[in-house]
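K.L.:
Whatever this is, show me its structure:
(one chain, ligands or ions: 1)
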Amino acid sequence: MSNLLTLVKTLLTLPRKRVNGAASLLTGWWLIRLLWRLRGLVAMTLVVLFVYSTWGWVGLVLLAVLPPVLSFAWRVLHPVSHTWLVNGLTARHRLRHTYGSRWDAVMVACNLHVPAPGGDHITPTLQKVTLAPVGDVLHVRLLDGQAPADFARQADELAHAFGVPEVRVTTTGPGRVELVLVLLDVLDEPVILTDVPPVTDLRRVRFAIGEDGEWRTRNYANIAAEVGGGVPGSGKTAGETSLACGLIQNPAVQYVVIDGKGGEDWSWIAPRAAAYCAEDEDLTAVLAVVEQVHGLMRHRLKTQKANRGEANFWNLPLDPNHPAVFLVVDEVQTFTDTKGMDPETKQLAWQITARLSALVKKGRSAGIVTRLLTQKPTNDALPTAIRDNASVRTAWRVMSKDAAEAILGPIVRDTEVSPVDIPEAMRGIAVVATDAGRLERVRFPFVDEHTAEIIAARVAGLRRELTEFGAPAVEDDQEAEDDPAGVRA
Ligand SMILES: Nc1ncnc2c1ncn2[C@@H]1O[C@H](COP(=O)(O)OP(=O)(O)OP(=O)(O)O)[C@@H](O)[C@H]1O
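P.N.:
Alright, predicted model coming up:
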């Protein structure tokens, strides 16, 4: 009796928390809480006991063997749904046990918490975990008064706390950030394509892999021009090749290629290209092709509304009889940089530059996309009047900040992502601007020229002459026949 009295006295003098603990001990509530906490284990134990009591050892063996066999069969029959389920379960497990259990401690250690009244603190909410090819992605809801930049500043501390080489912070909406725990740099490995799927939607054209391992797409509707630059061998032509391989399979796309290197980098496209010119010395031939595309642009701008009912090409459905025209000028500095040219050639170069400039400024509503590539990204080779009107810009490896700026514009001075840092061996890696205007690193896929040749031959039947769509004829046809490798239009 005296023992019971002592116990009651002790309980009465205990602080509130400890009283709750003691009450829970007395009522058995603790047991229910423990079983709930271990509900997975409890459920499994019950299933094992049930199977054993009903079917004996045979049941237990089946229980051990059937789930992996069924899972394997599912994976073979429908890998997409299997991966979806497995990733979902893994992500849930990591949310609760890997990251959730340490979340508060990490936030406090990285100084991302906010003090609360009473000496306590509150931390941002870890809402969800998803799995990406590059590593786990933590979806975080910020506290009032916090900004994504607070997390970006602590990226190093977060990486150490989570035990990963790098944490990337991206904003996904107001009050939300994603922390990508990077386990591997997906851009390290080349992406070799042995075939390229046709591009069916010009508003979503896959062009490269981003740092999260996902494909990046571009919307070519209402785009007038792209500029791209990088040192020799950085992967410009290969990047353009992989893109062209998808686009040329669309019957509503015609390609015109001018290769200022004068080599055979683009010869694979000749059977499918509406016009192909690999001239680096005879600028008359180059001007003739540029004039033809320019003529098509003028024809469309003057007649499109009357003939098709809309002044803007991109408001109309894509139609093989009114194709989008991609004009690629590789090594454009051959024609735009007039240093060292004789007066006559200089005159031709100025004419070419003027026409390209007009295409870049006015080609959008005529459905003409001009793409200029150069290994000499200076203001002479890539006049700012052209660059500033090109809404899509790609910088492969360059040697200086000035070169980076000549391609990407002044934005490159204010960001950590720079094409100057791209290692020489990482061919095909480039810096591009995202839709949100930020710069990011991507890796272009690589399609070898034999594969490209096979694709071009497969769809050679889709090639049409630009004259069929209202472009003026190229004047020096006879010359083109005499020199088929040089000009074909
Ligand atoms: N995305 C890529 N992935 C892997 N390797 C690549 C990639 N792009 C290019 N390469 C390699 O780099 C080589 C040079 O690429 P490419 O010809 O595209 O360079 P470039 O920048 O156009 O050079 P240049 O200005 O001299 O024409 C290719 O032959 C290929 O071996």
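K.L.:
distance between stretch 124-137 and the chain's centre?
P.N.:
Stretch 124-137 has its C-alpha centroid displaced from the chain centroid by 18 Å (CA atoms, centre = their mean, to the nearest Å).
K.L.:
Could you do stretch 366-384 as well?
P.N.:
Using CA atoms, centre = their mean, the mean C-alpha position of stretch 366-384 is found 22 Å from that of the whole chain.
K.L.:
Please apply the same query to stretch 60-76.
P.N.:
Computed by CA atoms, centre = their mean, the separation of stretch 60-76 from the middle of its chain amounts to 37 Å.
K.L.:
Only C-alpha atoms, please: export that stretch in CSV.
P.N.:
Written as CSV, here are the backbone C-alpha positions of stretch 60-76 (Å, rounded to 0.1, in the frame of the first residue of the first chain):
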residue,chain,number,x,y,z
LEU,A,60,6.5,-20.0,-46.9
VAL,A,61,8.7,-21.0,-49.9
LEU,A,62,6.1,-19.7,-52.3
LEU,A,63,5.8,-16.5,-50.3
ALA,A,64,9.6,-16.0,-50.6
VAL,A,65,9.9,-16.9,-54.3
LEU,A,66,6.7,-15.6,-55.9
PRO,A,67,7.0,-11.8,-55.3
PRO,A,68,10.5,-11.5,-57.0
VAL,A,69,9.4,-13.8,-59.9
LEU,A,70,6.2,-11.8,-60.5
SER,A,71,8.1,-8.5,-60.2
PHE,A,72,10.6,-9.7,-62.8
ALA,A,73,7.9,-10.8,-65.1
TRP,A,74,6.1,-7.4,-64.7
ARG,A,75,9.3,-5.6,-65.4
VAL,A,76,9.9,-7.6,-68.6
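K.L.:
Let me see the residues that make contact with it.
P.N.:
Residues from elsewhere that reach stretch 60-76 (CB atoms under 8 Å, 6 or more residues apart in numbering): 47-48, 51-52, 55, 81-83. C-betas here are computed from N, CA, C, even on glycine.
K.L.:
Show me these that map onto strands.
P.N.:
Nothing among the contacts of stretch 60-76 maps onto strands, per DSSP state E.
K.L.:
which among those end up buried?
P.N.:
For the contacts of stretch 60-76, a burial check counting by 16 or more other CB atoms under 10 Å picks out 51, 82.
K.L.:
what's the most distant pair in the contacts of stretch 60-76?
P.N.:
Pairwise distances across the contacts of stretch 60-76 peak at 32.8 Å for Tyr52 and Thr83 (criterion: CB to CB).
K.L.:
Just give the number of residues close to Ser101.
P.N.:
Residues lying near Ser101 (other CB atoms under 10 Å) number 10.
K.L.:
Could you measure from it over to the ligand?
P.N.:
Counting by CB to the nearest ligand atom, to the nearest Å, the gap from Ser101 to the ligand is 41 Å.
K.L.:
Also Ser418?
P.N.:
When distance is defined by CB to the nearest ligand atom, Ser418 is 18 Å away from the ligand.
K.L.:
Let me know whether that residue touches Asp402 as I believe.
P.N.:
No: using CB atoms under 8 Å as the test, Ser418 is too far from Asp402 to be in contact (12.0 Å).
K.L.:
Neighbour count for these two, which is higher?
P.N.:
Higher neighbour count among Ser418 and Asp402: Ser418, with 17 against 13, using other CB under 10 Å.
K.L.:
Could I get the phi/psi values of the more buried one?
P.N.:
Phi and psi for Ser418, reported as degrees, to the nearest 10, are phi -140, psi 140.
K.L.:
and it, what does it touch?
P.N.:
Counting by CB under 8 Å, 6+ apart, Ser418 makes contact with 401, 404, 412, 431, 439.
K.L.:
ok, the second one - how many residues close by?
P.N.:
Going back to what we said before, that points to Ala404. Other residues near Ala404 number 25, with proximity taken as other CB under 10 Å.
K.L.:
Next up, the contacts around it.
P.N.:
Residues counted as contacts of Ala404 (CB under 8 Å, 6+ apart) are 377, 395, 398, 412, 418-420, 431.
K.L.:
okay, the residues you listed in a markdown table with secondary structure and distance to Ile386 next?
P.N.:
Compiled in a markdown table, the contacts of Ala404 are given as follows (DSSP: H, G, I helix; E, B strand; the rest coil; distance: CB to CB, whole Å):
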| residue | secondary structure | distance to Ile386 |
| --- | --- | --- |
| Pro377 | coil | 12 |
| Ala395 | strand | 15 |
| Val398 | coil | 18 |
| Val412 | helix | 17 |
| Ser418 | coil | 22 |
| Pro419 | helix | 19 |
| Val420 | helix | 22 |
| Val431 | strand | 19 |
